[in-house]
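# Following is a predicted model, sequence given first.
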Amino acid sequence: MPIDFTMPPHVTELRDKVRAFIKEEIEPAEAAMQKSGSWRDGIIELRRNARQRGLWLPHMPPEFGGLGLDAMAIAMISAECGRNRIASFILNVQAPDEGNMHTLLHFATPEQKEKYLRPLCEGKIRSCFAMTEPEVAGSDPTQIKTAAVKQGDNWVINGNKWFISGAHGAKFAIVMAKTDPEADPPQARNSAFIVDLPNPGFRIVRDIDTMAGKGNHCEIALENCIVPADAMLGPRGQGHTLGQVRLGPARLAHCMRWIGSTEVALEMLVKRAMERRVQGGLLIDKQAIQFMISESTMELYTAKLMVLHAAYLIEKKLPFRQEVSMAKHHVANMLWKVTDRAIQVHGALGYSTDTPLESMLRHARSARLVDGADEVHMTQIARHVIEAFKRDGSTRAATGAGLL
């Protein structure tokens, strides 16, 4: 049988090392930094220790200082990182830099890789990805209004972007802009540019307040932002393709981290139920609580299988868009439901800020919006099913290709 869920020993060993590093160093350091309000020195020290432990940059190839792990191994490591809010950053596998690294690896020229990718991999700089706009639906990049016009040896970019994560402190931005407004098909109208920051034409308007507070999710104004011709990333008119190549694995990376966060919520739920007495007994003995545990367990199990299968498809260079869409929708909703159940079992304590659950829930709500809203993925999933049936007279190709 070709199906084998056994991970190679070096992967499980690395996962265990990440797990130990989070418990032994990251969690205590995070608590101390939270208490003192001082983060910089502690973060630098943790990143240094990640390198020493051989945990740095798991998703990039060795020639850029990474561990060169494949997609399924990355899933295991990212799930561990999802159990702690700073672990991904400590290992230099955080969004949006992770997606930008992959994008540069596949589309950048050798010169661009040395200028932008290498220092990003070394942890010397940070970056951001600017595609979403306030004027048009983020789910349809063909509607992008930001325009880039060729003037001599330069491009001049004008437009507005928002929810640009990591814009504060970024040393460069990958900006999507319309270069060929009359191109047919519409997917050939956009191109990607690398904008060095700071740039007088790239202005941060504000850090957008969200349900989870401020999180360096910025609104950007591009006003006669001038970049040289060699700042184009990838071929002209291939911005849509570049975005899709970037967002597919990036969506799955989010799912991997959300699995780790869900595990924490479920563990907190079980622990609370085992300790809390009510009406002469423990919560854990109540059938309603057991049903919460069962539903959460099955949803989490399903999520892990979906993510591993999607990662397998990416790793084997097989079509993966349908499976990633299904995983993204399921995992985002599972994260919300399990975290909400954990709050319910904690009662008023879960609603308070005395546990991390209220913060986890506020952050979880964004999961159903980022990298494609639920409805976008539902539409895409249905479209693939319909296409498969029209082509094959069967839905098998769109319901987990290559499984049963």
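Structure's in. What do you need? Residues are numbered from 1 along each chain as shown.
# how about Ile164, secondary structure?
Under DSSP: H, G, I helix; E, B strand; the rest coil, Ile164 falls in the strand class.
# what about the residue nearest to Gly138 when sequence neighbours are not counted, neighbour count?
Leaving aside its sequence neighbours, Gly138 sits nearest to Thr132 (Cβ to Cβ, 6 or more residues apart in numbering; 4.2 Å). Backbone N, C-alpha and C define where each C-beta goes, glycine included. For Thr132, the neighbour count with other Cβ atoms under 10 Å is 21.
# ok, the closest residue to Glu45 other than its chain neighbours - contacts?
In this structure, Glu45 finds its nearest non-sequential neighbour in Ala29, 7.4 Å apart by Cβ to Cβ, 6+ apart. Ala29 makes contact with 42, 45-46 under the criterion Cβ atoms under 8 Å, 6 or more residues apart in numbering.
# would JSON lines of the residues you listed with pLDDT, neighbour count and secondary structure be doable?
Formatted as JSON lines, the contacts of Ala29 follow (pLDDT from 0 to 100; neighbours: other Cβ atoms under 10 Å; DSSP: H, G, I helix; E, B strand; the rest coil):
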{"residue": "Gly42", "pLDDT": "95", "neighbour count": "18", "secondary structure": "helix"}
{"residue": "Glu45", "pLDDT": "97", "neighbour count": "13", "secondary structure": "helix"}
{"residue": "Leu46", "pLDDT": "98", "neighbour count": "20", "secondary structure": "helix"}
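# Got the confidence number for the residue nearest to Glu45?
In this prediction, Ala29 carries a pLDDT score of 97.
# quick one: the helix or strand harbouring it to chain centroid distance?
Taking DSSP states H and E as the definition, Ala29 sits inside helix 27-36. With Cα atoms, centre = their mean, to the nearest Å as the basis, helix 27-36 stands 24 Å off its chain's centre.
# Buried residues in it, which are they?
For helix 27-36, a neighbour-count test (16 or more other Cβ atoms under 10 Å) marks 29-30, 33 as buried.
# Would you check how far apart the residue nearest to Arg321 when sequence neighbours are not counted and Ala310 are?
The shortest distance from Arg321 to any non-neighbouring residue, by Cβ to Cβ, 6+ apart, is to Gly248 (6.3 Å). Using Cβ to Cβ, to the nearest Å, Gly248 is found at 9 Å from Ala310.
# isn't Cys121 right next to Trp56, touching?
No - taking contacts as Cβ atoms under 8 Å, Cys121 lies outside contact range of Trp56: 9.0 Å.
# what is in contact with these two at once?
In contact with both Cys121 and Trp56: 65-66, 92, using Cβ under 8 Å, 6+ apart.
# Any chance of a ChimeraX selection covering the buried ones in those residues?
Buried subset of the shared contacts of Cys121 and Trp56, written as a ChimeraX selection, criterion 16+ other Cβ under 10 Å:
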select :66,92
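# got the shared contacts of Cys121 and Trp56 as TSV, with distance to Ile22 and secondary structure columns?
Output for the shared contacts of Cys121 and Trp56, formatted as TSV (distance: Cβ to Cβ, whole Å; DSSP: H, G, I helix; E, B strand; the rest coil):
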residue	distance to Ile22	secondary structure
Gly65	21	coil
Gly66	19	coil
Asn92	15	coil
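# What is the nearest of the shared contacts of Cys121 and Trp56 to Leu222?
Comparing those against Leu222 with Cβ to Cβ places Asn92 closest, at 27.8 Å.
# Next up, the contacts around the closest one.
For Asn92, the contact set (Cβ under 8 Å, 6+ apart) comprises 47, 50, 56-57, 121, 123.
# if we go to 7 Å?
By Cβ atoms under 7 Å, 6 or more residues apart in numbering, the contact list for Asn92 reads 56-57, 123.
# what's the distance between it and Arg341?
Distance, Asn92 to Arg341, using Cβ to Cβ: 33 Å.
# Sketch out the helices for the protein, chain order is fine.
Listed in chain order, the helices found in the chain under DSSP state H are 9-21, 27-36, 40-52, 71-81, 87-90, 97-107, 110-112, 118-121, 239-275, 287-315, 321-346, 348-351, 357-364, 374-392.
# any chance of the shared contacts of Cys121 and Trp56 in CSV, plus pLDDT and distance to Ile77?
Formatted as CSV, those follow (pLDDT from 0 to 100; distance: Cβ to Cβ, whole Å):
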residue, pLDDT, distance to Ile77
Gly65, 97, 16
Gly66, 97, 12
Asn92, 98, 12
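# which among the shared contacts of Cys121 and Trp56 gets closest to Glu111?
Nearest to Glu111 among these, with distances taken as Cβ to Cβ, is Gly65, at 18.5 Å.
# Just to check, that closest one is in contact with Glu122?
Yes - the pair Gly65 and Glu122 qualifies as a contact (Cβ atoms under 7 Å) at a distance of 6.2 Å.
# mind listing what Phe202 touches?
173, 195, 220, 222, 225.
# Give me the pLDDT value at it.
So, for Phe202, pLDDT stands at 98.
# same check, this time on Met1
48.
# Give the residues shared as contacts by Gly248 and Ala310.
Shared contacts of Gly248 and Ala310 (Cβ under 7 Å, 6+ apart): 320, 324.
# Compare neighbour counts for these two and give me the winner.
Neighbours per residue (other Cβ under 10 Å) separate Gly248 from Ala310, with Ala310 holding more: 29 against 21.
# Now the more buried one: closest residue in space that isn't a chain neighbour?
Counting by Cβ to Cβ, 6+ apart, Ala310 lies nearest to Glu323, which is 4.2 Å off, once chain neighbours are set aside.
# ok, now which ones touch the one you found?
309-310, 313.
# hmm, 10 Å instead?
When contacts are counted by Cβ atoms under 10 Å, 6 or more residues apart in numbering, Glu323 touches 248, 252, 306-307, 309-314, 381, 384, 398-403.
# so Ala212 touches Ser359, yeah?
Yes - contact criterion Cβ atoms under 10 Å: Ala212 and Ser359 qualify, at 7.1 Å.
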